[in-house]
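Trainee: Fold the following for me, if possible:
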Amino acid sequence: MAKKKENLPTVADKRAVATRDTEALPDSLFSDCCVIIEKRKYNAGAYANKEIILMCHEIGQRTNFDVLGGQHAEYGKRIVAELAQLLREKYGSTFDYTNVRRMAHFAARFPDFQIVAELAQQLSCRYIFSSAFPHYPYAL
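Mentor: Numbering: from 1, shown residues only. Predicted coordinates for the structure are as follows:
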């Protein structure tokens, strides 16, 4: 027995919806909704940006000071490489060796968490990392 086709909207139906009469819509409703959407999208992006910066700093602090004790010799490279491999397997390529090493350098260069937290609210990841490490291509 043949399956009955669902009543999917046709191109003509979609055009009719797109060109429908919008006189019933209050003038400011659409523009107000657009402002709300844009504001919330911006706030969500700013919040995510801040959290990424703080995450990088905390990983760098933990790696650099708690585990490595400020050592950056072969031992440190090996620890960072092992950590990066495990993090990359679990969370993806953002946590490759180069980026985990940058996180450790970031924490070493800016050890005061409060200052980093304040900067994270005002500046983007790209700006902070490119300013802190101008010789590194941005990859976070």
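
Trainee: average pLDDT across the one helix or strand residue 76 maps to?
Mentor: Following DSSP states H and E, one finds residue 76 within helix 74-91. In this model, helix 74-91 has a mean pLDDT of 88.

Trainee: Give me the phi and psi for residue 129.
Mentor: phi -70, psi -30 (degrees, to the nearest 10).

Trainee: Let me see the confidence value for it.
Mentor: On the pLDDT scale, residue 129 is placed at 70.

Trainee: I'd guessed it sits against residue 102; true?
Mentor: Yes: counting by Cβ atoms under 8 Å, residue 129 sits close enough to residue 102 to count as a contact (7.0 Å). In short, each C-beta sits where N, CA and C put it, glycine included.

Trainee: still on that earlier bit, I'd like to know which elements the very next helix or strand once past the helix holding residue 76 is packed against.
Mentor: The C-terminal neighbour of helix 74-91 among helices and strands, as given by DSSP H and E, is helix 97-109. On a contact count with 3 or more Cβ pairs under 8 Å, 6 or more residues apart in numbering; DSSP states H and E, helix 97-109 meets helix 27-61, helix 74-91, helix 125-132.

Trainee: How far does the helix holding residue 76 sit from its chain's centre?
Mentor: 21 Å (Cα atoms, centre = their mean, to the nearest Å).

Trainee: who does it touch, helix- and strand-wise?
Mentor: helix 97-109.
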